[in-house]
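Chemist: what's the 3D shape of this:
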Amino acid sequence: MNQWRLFFAAATLTTLCACAGLQGANTPAALPAVAKRPAIQVTDLPCAQVSSTDLVTLRYPGENLYRGGAALPKQEGLACLEVLSDWLKNVPQDRWQVTVSGEAGHGFEPLALAGKRQELLQRFFTRKGVAINNWEWLTVAGAGEQLQLLELKDSP
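Modeler: Here you go, the predicted model:
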């Protein structure tokens with residue numbers, strides 16, 4: 001007798017699960033998206049200078065993220081990168097040109113410093129769950145922006 005009760009309970013549960021799965025199948029939200037991606041909404045990103053005319057550009061100038069000559073971000077810079085990674089996970093854009101710079105005058109080759117910062121940023125964003133596969137990475141020597149992200153449009 002207990003077998004029939006278990007069979008009836010399993011059949012009822014299976015039917016309910018099947019109905020729940022089909023409920024939203026024909027709604028427009030369930031259909032594959034063919035339309036153009038929505039425009040990126042830039043929120044208030046700490047430490048960043050944001051310009052969004054045609055393409056979104058995020059700049060982290062001066063020593064907002066790193067102390068001069070350091071490959072690791074300072075504590076305030078790490079907090080800024082945390083907010084940036086959360087924002088990047090929620091935007092529809094997955095193609096960025098990322099420029100990382102290294103400054104001279106601290107006992108390190110500027111391009112080597114920029115390369116190490118780039119390596120650590122790639123690890124950081126990957127660990128945070130940001131898809132960086134389609135990103136273009138550049139390293140430059142010089143003062144100015146320590147980090148810059150430029151939105152890349154999809155090619156037609």
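
Chemist: What is the least confident helix or strand in the protein?
Modeler: When the helices and strands of the chain are scored by mean pLDDT, DSSP states H and E, helix 2-22 comes last with a mean of 53.

Chemist: next structured bit after it?
Modeler: Downstream of helix 2-22, the next assigned helix or strand under DSSP states H and E is strand 49-52.

Chemist: Paired strands for that following strand, with orientation please.
Modeler: strand 56-61 (antiparallel) (DSSP bridges).

Chemist: show me what contacts the nearest residue to Leu152 once chain neighbours are set aside?
Modeler: Once flanking residues are discounted, Leu152 sits nearest to Arg95: 4.1 Å by C-beta to C-beta, 6 or more residues apart in numbering. For every residue, glycine as well, the C-beta is placed using N, CA and C. Shown in contact with Arg95 (C-beta atoms under 8 Å, 6 or more residues apart in numbering): Asn134, Trp135, Glu136, Glu151, Leu152, Lys153, Asp154.

Chemist: Can you flag the buried ones in those residues?
Modeler: Trp135, Glu151 (16 or more other C-beta atoms under 10 Å).

Chemist: Any idea which of the contacts of Arg95 the model trusts least?
Modeler: Lowest pLDDT among these: Asp154, with 70.

Chemist: Report the separation between the nearest residue to it once chain neighbours are set aside and Val42.
Modeler: Closest residue to Asp154 apart from its sequence neighbours, by C-beta to C-beta, 6+ apart: Arg95 at 6.7 Å. Look at Arg95 and Val42: by C-beta to C-beta, to the nearest Å, they are 16 Å apart.

Chemist: Then Ser101?
Modeler: Ser101 is 22 Å from Val42, by C-beta to C-beta.

Chemist: Just the ones of the contacts of Arg95 in strands?
Modeler: Of the contacts of Arg95, the ones assigned to strands by DSSP state E are Glu136, Glu151.

Chemist: Mind picking the one among the contacts of Arg95 that's closest to Glu63?
Modeler: Proximity of those to Glu63 was ranked by C-beta to C-beta; the top entry is Trp135 with 23.8 Å.
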